[in-house]
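Chemist: predicted model and sequence below, questions to follow.
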Amino acid sequence: MKKIAIVGSGGAGKSTLARRLGYVLGLPVVHLDNHFWQRGWVETERSRWIEIQQGFVSQEEWIIDGNYGGTMDVRFAQADTIIYLNLSRYRCIWRAIKRRIMYHGKARPDMNNGCTERLDFQFLKWLWRYPRDTHPITWSHIEKVADRAQVIQLKTPGQVRLFLKDMTRVEQTDI
């Protein structure tokens, strides 16, 4: 695992997993939210966004977390591993609310400065509808590359913890 794409619903724990996995495997971590959202929650223009991601995936090693369905294929085309955090909508909504409280008035570590944490009805609606609306699209992107990339689907926090524990064991035995 040298090129890892992590996807899943908002609040699923993509950035946390990316950070922890990056530490365990010694790989550089890219949080897409940090690069897409400019100060004041201004979106990066699409052609520039594709260029930015192409620069990331051209590197020899990386962990990239984030969805951005319109550019998912850019990452998946180069990934050797795709980790799909497919946690329940209730857990994701709870985590998004918790995150909003925790980072009230400031930006999260995986966000660009000037993008203070927010939570609005549209985002909550997207989280609620993720299993119905976004999951099938994400899964179709994954299926396109499943014959050549390792696909790891984690559905519970326990599975995520066990996965990280196993990666730590693997890394220690490689030394």
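Modeler: Good, I have the coordinates. Numbers count the residues shown, from 1 in each chain.
Chemist: show me what the helix ranked longest in the chain is packed up against.
Modeler: If you go by DSSP state H, the chain has its longest helix at helix 157-173. When contacts are defined as 3 or more CB pairs under 8 Å, 6 or more residues apart in numbering; DSSP states H and E, helix 157-173 sits against helix 14-25, strand 150-154. In this view, the C-beta of every residue, glycine as well, is placed from N, C-alpha and C.
Chemist: quick check: angle from the first one to helix 157-173?
Modeler: Spelled out, that is helix 14-25. Interaxial angle, helix 14-25 versus helix 157-173 (axes from the mean of the first three to the mean of the last three CA atoms, to 10 degrees): 20 degrees.
Chemist: what residues of helix 14-25 count as buried?
Modeler: When neighbours are counted by 16 or more other CB atoms under 10 Å, the buried residues of helix 14-25 are found to be Lys14, Ser15, Thr16, Leu17, Ala18, Arg19, Arg20, Leu21, Gly22, Val24, Leu25.
Chemist: I'd say the last one and Met167 touch.
Modeler: Yes. A contact is recorded between Leu25 and Met167 when judged using CB atoms under 8 Å, the distance being 6.7 Å.
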